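Asks: test case, fold it:
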Amino acid sequence: LSVLLSLLVPAHTTRSPDCGGILTPSGLSYRKSGPRNSHAVSREGRQQHLSVRRNQINSIKVAELSLSLIPDTGLRLSSNVDLSITPTLSTTKVMRLSILVDLHVEMNPEGNLELVTSACKPTVEEMQSTEEKESQSSSSDVDEEINIDKICLEVSKLLLLPNEQLMSLTAQFPVTPSCQVQYLPLAAPVFSEQGITISLQTTFQVAGMAIPLPVSPVPFSMPEPASSSPSHLTLAFSEHFYTSLFFALEIAGAFNMTIPSPLTTATMAQKITQMGSLFQEDLPVMLQAVFRSSPRVVLEEGKGALKLFLTVHIGAGSPAFQSFLSVNVDMSAGLLLSIADIRMMISAAVIEDIELSLAASDVGPVPAALLEELFLPTIREEVPAQMNVVLSEGVFLPHISSFTYTDVNVTIHKDYVLVPCNLELRSRTG
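Replies: Sure, this is the predicted structure:
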């Protein structure tokens, strides 16, 4: 398999999106409910970080904190912080520290998205003082109280955590023990009044090697979000995304199936007389199914279908399996999609259409009607059941660490799937 993959990989040169997401303004303003951001601070605890000279900070209160979109540019962070400081034993001052920071998102050389400060403007003013005759301070006095030159340096340090979280977007996630999925941004996000749009390309690794995926016949672009959508985030997945997923699982051999049958060689000999000359003893009949062509997903308005193209080898004997019939099976099953936490759950529903045809035989011609009588019930039941076992763990959605998805709705449209949802910050434990 490794040799085969190494030969195929150089052929994969196209870079085009097959999924993505739009973070809406309501998602941008999301914050987890909690206590007010006001607390006392010791002399040692925060004095260094806020660059207060020769003073003790008694308390810090975040009066205002907002993050807004700047279309075609990036984000603007606005913060007002009230600092209660004690320059002398008999004096207490409340200083208002206002910080205006412009941010944009770049792609770094490693292919990760990164928040970068493009402008930073801090200002400080005195709000009140216990001094009787010096209630107003000059700007130079304020500068002596708080070193505003270092504020922007501290703000840039605050971006370390969100940038670590952005790096988690491109992590590899397991689909099966031998198959992993990875979402790669193709460019920096686009900022508009509707939100922040990011286009992603899905890659799959099998046995640790990236595999070339089928080329999408139609380029995918993110659908326009509904202007009235209350959701924090809308994820979108193209039809090609699902076809690529099943292709990767097929390459990984995840869908190679051994299917037990209620038949034996003796019971089959009653229908096919030449069976008696092949097997002198009565053995259980087994079915081995492999894909002769990659599965294909078709999305229509309100529903999805999974098209399967199998060759089922019918035989007996263990461990030396002896095939005496090969049957081509074309079948179509409904595709069920749902979301659990940060995973998309995918399953094959009931078989909607199935057709069997003889591919090869060591026991003479077998009519199609007899093939259906002998094998159709088993194939109809077992093929989707075994595929669903492979798919049962779900497929990780594009996400960043610390967040999960709630209030999820999955809507299937022609050629793509939309997943509007809300964000929820995971509670830290330990």
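
Asks: can you list the low-confidence ranges for the stretch 1-150 of the chain?
Replies: 1-15, 31-56, 87-90, 128-149 (pLDDT under 70).

Asks: spell out, range by range, the helices that occur in it.
Replies: Here the stretch 1-150 of the chain has its helices, by DSSP state H, counting those that start in this stretch, at 2-8, 25-28, 43-50, 139-145.

Asks: how is the closest residue in space to Thr117 that isn't next to it in sequence assigned, secondary-structure-wise?
Replies: Spatially, and ignoring its direct neighbours in sequence, Thr117 is nearest to Ser156 (5.3 Å; C-beta to C-beta, 6 or more residues apart in numbering). (C-beta placed from N, C-alpha, C; glycine too.) When classified by DSSP: H, G, I helix; E, B strand; the rest coil, Ser156 comes out as helix.

Asks: oh, and call the first residue 494 from now on, that's how I've got it
Replies: Done: numbering now begins at 494, and the last item shifts to Ser649.

Asks: Thr616 touches Asn573, doesn't it?
Replies: No. Using C-beta atoms under 8 Å, Thr616 makes no contact with Asn573, being 9.9 Å away.

Asks: now do the shared contacts for these two.
Replies: Residues within reach of Thr616 and of Asn573 at once, by C-beta atoms under 8 Å, 6 or more residues apart in numbering, are 590-591.

Asks: can you pull out the strands in the stretch 544-693 of the chain?
Replies: 549-563, 567-581, 584-600, 606-622, 665-669, 672-678, 683-685, 688-699 (DSSP state E, counting those that start in this stretch).

Asks: who's in contact with Tyr898?
Replies: 726, 832, 834-835, 890, 892, 912, 914-917.

Asks: among those, which ones are in strands?
Replies: The strands, defined by DSSP state E, take in 726, 832, 912, 914-917 from the contacts of Tyr898.

Asks: for these, pick the one with the most neighbours.
Replies: Of the ones in strands among the contacts of Tyr898, Leu726 is surrounded by the most neighbours, 26 neighbours in total, counting by other C-beta atoms under 10 Å.

Asks: that residue is in contact with Glu917, isn't it?
Replies: No. With contact defined as C-beta under 8 Å, Leu726 does not count as touching Glu917 (10.9 Å).

Asks: quick one, helices of the stretch 744-893 of the chain?
Replies: So, for the stretch 744-893 of the chain - with DSSP H, counting those that start in this stretch - the helices run 758-762, 768-771, 861-884.

Asks: dump those helices into CSV; add distance to Ala842 as well.
Replies: Formatted as CSV, the helices of the stretch 744-893 of the chain follow (distance: least, C-beta to C-beta, whole Å):
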stretch, distance to Ala842
helix 758-762, 30
helix 768-771, 35
helix 861-884, 7
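
Asks: of those helices, which is nearest Ser840?
Replies: helix 861-884 (4.8 Å; C-beta to C-beta).

Asks: what about that closest one, average pLDDT?
Replies: In this model, helix 861-884 has a mean pLDDT of 95.

Asks: can you point out the buried residues in that helix?
Replies: Buried residues in helix 861-884, counted by 16 or more other C-beta atoms under 10 Å: 864-865, 867-869, 871-873, 875-877, 879-881, 883-884.

Asks: now stretch 780-791
Replies: Going by 16+ other C-beta under 10 Å, stretch 780-791 has these buried residues: 780-782, 784, 787-791.

Asks: rewinding a little: make a markdown table out of the strands of the stretch 544-693 of the chain and add mean neighbour count and distance to Gly857.
Replies: Formatted as a markdown table, these follow (neighbours: other C-beta atoms under 10 Å; distance: least, C-beta to C-beta, whole Å):
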| stretch | mean neighbour count | distance to Gly857 |
| --- | --- | --- |
| strand 549-563 | 15 | 72 |
| strand 567-581 | 18 | 73 |
| strand 584-600 | 17 | 63 |
| strand 606-622 | 16 | 63 |
| strand 665-669 | 16 | 39 |
| strand 672-678 | 20 | 40 |
| strand 683-685 | 16 | 64 |
| strand 688-699 | 21 | 40 |
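
Asks: adding distance to Pro753, write these out as CSV.
Replies: Output for the strands of the stretch 544-693 of the chain, formatted as CSV (distance: least, C-beta to C-beta, whole Å):
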stretch, distance to Pro753
strand 549-563, 58
strand 567-581, 58
strand 584-600, 51
strand 606-622, 49
strand 665-669, 22
strand 672-678, 25
strand 683-685, 53
strand 688-699, 27
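
Asks: what's Pro753 in contact with, if anything?
Replies: Applying C-beta under 8 Å, 6+ apart, we find Pro753 in contact with 777, 779-780, 875.

Asks: nope, Met620 is what I meant
Replies: Contacts of Met620 by C-beta under 8 Å, 6+ apart are 575, 587-589.

Asks: quick check, nearest of those residues to Thr899?
Replies: So of these, ranked by how close each gets to Thr899 (C-beta to C-beta), first place is Asp575, at 33.3 Å.

Asks: shouldn't the closest one be in contact with Ile550?
Replies: No. Under the criterion of C-beta under 8 Å, Asp575 is not in contact with Ile550, lying 10.9 Å apart.

Asks: dump the residue contacts of Thr736.
Replies: Counting by C-beta under 8 Å, 6+ apart, Thr736 touches 707, 787-790.

Asks: just the ones of those residues in strands?
Replies: Judged by DSSP E, these include 787-790 as members of strands.

Asks: low pLDDT regions in the stretch 644-793 of the chain?
Replies: In the stretch 644-793 of the chain (pLDDT under 70), the answer is 718-721.

Asks: what about the closest residue in space to Met600 that isn't next to it in sequence, how many neighbours?
Replies: Of all residues not flanking Met600 in the chain, Ala681 sits nearest, at 5.4 Å (C-beta to C-beta, 6+ apart). Ala681: 14 surrounding residues under other C-beta under 10 Å.

Asks: from Leu608, how far off is Ala681?
Replies: Remark: distance between Ala681 and Leu608 (C-beta to C-beta, to the nearest Å) = 11 Å.

Asks: overlap in contacts, these two.
Replies: Listed as contacting both Ala681 and Leu608 by C-beta under 8 Å, 6+ apart are 597-598.

Asks: now the helix or strand that contains Ser737, how far from the centre of its chain.
Replies: Using DSSP states H and E, Ser737 falls within helix 732-744. Put simply, helix 732-744 sits 15 Å off its chain's centre (C-alpha atoms, centre = their mean, to the nearest Å).
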